[in-house]
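Peer 1: sequence-free structure coming up:
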């Protein structure tokens, strides 16, 4: 119940040229089966028989559009393969004819995930990005410019007071011929190196976190009587429009007095009690000035998301996906629904 021999009858090739110069071709293949009860589908599924959508070996503008098997005697078949001009509006099909699967529109959804962040008085009153609790001039607890949220005595709350903050979560599912395990290890838990636009969200550098790249495993779809494998791959992006970098407030119980030979001195209240004070980047007393933060970029993995070529809008009808079209090399929106060329996940593998 299988094909045991396949070949081409090279003496039966033909070509027809139309008035517009396009060409149609026919090739004839033969197949021998190990059973005289086999039918056409067994023959058409044999390795070596061109598939629907496969291009002609000498004419990349012509693709297989017809496959007609004829049993010439028991267990022996001729298969006529017809090639006709490719639709110029269609991108080249992959050799196995599965591009119908890979050209399906991505499934894009947006949800929200709640997090809890420390309240900073300045962030609440002035809309700044200082969401990490700090303490400044505790002698003036109402000096919101330099103080974190404190109690009536000017002391920070411990643990800090938290508030809810909701952040968008973008989920994109696309179909690929294979699952790129190396790309998963590379991009999961990474932040975007430069600005990208994902599903209509303009993400400045380091504000998108790739929370996950997942797949349910290989799936199968039947196209014109043939079954083709593919992998639905889901990208989950968590958005934080401040930054995913860790921000540590420069503060402590002592400071380095540069005006007095870099001596270490304790922060004290007017009554001589220890307190927490703000520091400059060099560790000197920063009381009365804007808080200084140490940014830990190295605490987050950074990757160039242009390689992922994620859809830039939620608008259907122009989402060719990675590897189909090129795009803006710098990751900016190129007017298509994709970012740059494919790479990490490629539909033309």
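Peer 2: Arrived safely. Everything numeric here is computed off the predicted structure, so don't read it as measured data. Numbering: from 1, shown residues only.
Peer 1: For this structure, just list every one of the helices.
Peer 2: 40-44, 99-102, 121-126, 181-187 (DSSP state H).
Peer 1: Off-centre distance for the first one?
Peer 2: By that I understand helix 40-44. Distance, stretch centre to chain centre, for helix 40-44: 39 Å (CA atoms, centre = their mean, to the nearest Å).
Peer 1: What is that helix packed up against?
Peer 2: If you count contacts as 3 or more CB pairs under 8 Å, 6 or more residues apart in numbering; DSSP states H and E, helix 40-44 packs onto strand 23-33, strand 62-73, strand 76-85. (Each C-beta comes from the backbone N, C-alpha and C, glycine too.)
Peer 1: Counting neighbours, which bits of the longest one end up buried?
Peer 2: Along strand 62-73, these residues count as buried under the neighbour rule (16 or more other CB atoms under 10 Å): 62, 63, 64, 67, 69, 71.
Peer 1: Greatest separation within the residues you listed: which pair is it?
Peer 2: Spanning the widest gap among these are 62 and 71, at 26.9 Å by CB to CB.
Peer 1: Distance of residue 277 relative to residue 261?
Peer 2: Distance, residue 277 to residue 261, using CB to CB, to the nearest Å: 19 Å.
Peer 1: what's the weakest-modelled helix or strand in this protein?
Peer 2: The least trusted helix or strand in the chain, going by mean pLDDT, DSSP states H and E, turns out to be helix 121-126, with a mean of 44.
Peer 1: Of the buried residues of strand 62-73, just say which sits nearest to residue 270.
Peer 2: Set against residue 270, the nearest of the buried residues of strand 62-73 by CB to CB is residue 63 (85.2 Å).
Peer 1: Looking at the helices and strands packed on helix 40-44, spot the one closest to residue 301.
Peer 2: The closest of the helices and strands packed on helix 40-44 to residue 301 is strand 62-73. By CB to CB, the value is 42.2 Å.
Peer 1: And the strands in the stretch 101-250 of the chain?
Peer 2: Along the stretch 101-250 of the chain, counting by DSSP state E, counting those that start in this stretch, strands occupy 107-118, 162-176, 190-192, 196-198, 201-203, 208-214, 219-223, 226-239, 246-249.
Peer 1: could those go into CSV alongside mean neighbour count, mean pLDDT and distance to residue 10?
Peer 2: What follows is those, written out as CSV (neighbours: other CB atoms under 10 Å; pLDDT from 0 to 100; distance: least, CB to CB, whole Å):
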stretch, mean neighbour count, mean pLDDT, distance to residue 10
strand 107-118, 13, 85, 46
strand 162-176, 17, 88, 36
strand 190-192, 22, 92, 52
strand 196-198, 24, 92, 51
strand 201-203, 18, 92, 56
strand 208-214, 19, 93, 46
strand 219-223, 12, 79, 29
strand 226-239, 18, 89, 25
strand 246-249, 16, 72, 67
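Peer 1: could you redo those as TSV and give each row distance to residue 6?
Peer 2: Listed next are these as TSV, based on distance: least, CB to CB, whole Å:
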stretch	distance to residue 6
strand 107-118	39
strand 162-176	29
strand 190-192	46
strand 196-198	46
strand 201-203	51
strand 208-214	39
strand 219-223	21
strand 226-239	16
strand 246-249	61
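Peer 1: and residue 300, which of the ones you listed is closest to it?
Peer 2: Counting by CB to CB, residue 300 lies closest to strand 190-192 out of those; the figure is 5.0 Å.
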